[in-house]
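Chemist: using only what follows, build the 3D model:
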Amino acid sequence: MIKFFAKGINFLFGKNLQNKNVFVSGSLQYLERKRNIDKNYFDYIRLATLELVSHEINSKRLAGNVAELGVYKGKFARYINSYFPDRSLYLFDTFEGFDKRDVALEQKQNFSSGAQDFSDTSVESVLQSMPNREKCIPVKGFFPDSATNIQDSFVFVSLDADLFEPIYSGLQFFYPKLSKGGYIFIHDFNNDAYKGARKAVEQFCHEENISFVPLPDANGSAIISK
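Modeler: A predicted model of the protein is given here:
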């Protein structure tokens, strides 16, 4: 019945919805495994892909921890923490917004204005939203300097730093430490407001002779696997 109504919505309103970048579609209709997806999260594709990836990693018992670079208020990090409850979650951020050094390069290359304000956050407020707070390791400061002493391996990394320099530095830092079978999500790859994200992925993948997969989520993420 639900599929019938979904088809009706597409038939009657599909063109108007698609003009607003809204799509009604089925997802994994024949998968019997029960999945835990927060229906209130604003980006189903991004979150659903994280759930699928976490299932692959956890079911294969891959060794390594998880991380996010560009945490802001922790809205995505809390799901990483939830789907990987037994792994340490490194939270890399200035927790004060964009660093002026990264913004200067961003503006020089005309990737973006770098003007968005992400300073309304803090380590404590982010930790309060984490379901497994005891597994979280906040790393405050300018990346990659803040990560100098970290030698861990990783099975999942989210790069959501928006600007070219931290994303490129994040790929340089995390990819060598990524376990075989692990994944890196890069947010904003197909976001024309932050063209540096695409440039960072393309440049890194060209240098390493590796591939990426673009996603049709809200901000156009890309995925690199190993």
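Chemist: pLDDT score for Pro214?
Modeler: Pro214 carries a pLDDT value of 98.
Chemist: gap between it and Phe84?
Modeler: 24 Å (CB to CB, to the nearest Å). C-betas here are computed from N, CA, C, even on glycine.
Chemist: so the two - more neighbours on which side?
Modeler: Legend: neighbour count by other CB atoms under 10 Å for Pro214 and Phe84, higher for Phe84 (21 against 14).
Chemist: and the closest residue to that one other than its chain neighbours, which of the three is it?
Modeler: Sequence neighbours aside, Val66 is the residue nearest to Phe84 in space, at 4.8 Å (criterion: CB to CB, 6 or more residues apart in numbering). With DSSP: H, G, I helix; E, B strand; the rest coil as the basis, Val66 sits in strand.
Chemist: ok, Val66 - how many residues close by?
Modeler: Using other CB under 10 Å: Val66 sits among 24 other residues.
Chemist: same check, this time on Ala218
Modeler: So Ala218, with other CB under 10 Å, has 14 neighbours.
Chemist: helix, strand, or coil at it?
Modeler: coil.
Chemist: per-domain residue ranges of this structure.
Modeler: 1-30, 35-225 (automatic domain parsing).
Chemist: which stretch in those domains has the least confidence?
Modeler: domain 1-30 (a mean of 66).
Chemist: quick check: the gap between Gly182 and Tyr90.
Modeler: Where Tyr90 is concerned, Gly182 sits at a distance of 14 Å (CB to CB).
Chemist: wait, is Tyr90 part of a helix?
Modeler: No: if the criterion is three-state DSSP, then Tyr90 is strand and not within a helix.
Chemist: start at 810, not 1
Modeler: Let's use 810 as the start, then, which means that last one is Tyr899.
Chemist: who does it bridge with?
Modeler: On the basis of DSSP bridges, Tyr899 is bridged to Ala876, Ile946.
Chemist: hmm, it is touching Lys949, no?
Modeler: No: Tyr899 is beyond contact range of Lys949, at 11.3 Å (criterion: CB atoms under 8 Å).
Chemist: which one of the two has more residues nearby?
Modeler: The neighbour count for Tyr899 versus Lys949, taken as other CB under 10 Å, is higher for Tyr899 (23 against 14).
Chemist: show me which residues of the longest strand along the chain are buried.
Modeler: Scanning the chain for the strand with the most residues, using DSSP state E, yields strand 987-995. Neighbour counts using 16 or more other CB atoms under 10 Å place 987-988, 991-995 of strand 987-995 among the buried residues.
Chemist: now for that strand, which elements pack on it?
Modeler: helix 853-868, strand 963-968, helix 973-983, helix 1004-1017, strand 1031-1034 (3 or more CB pairs under 8 Å, 6 or more residues apart in numbering; DSSP states H and E).
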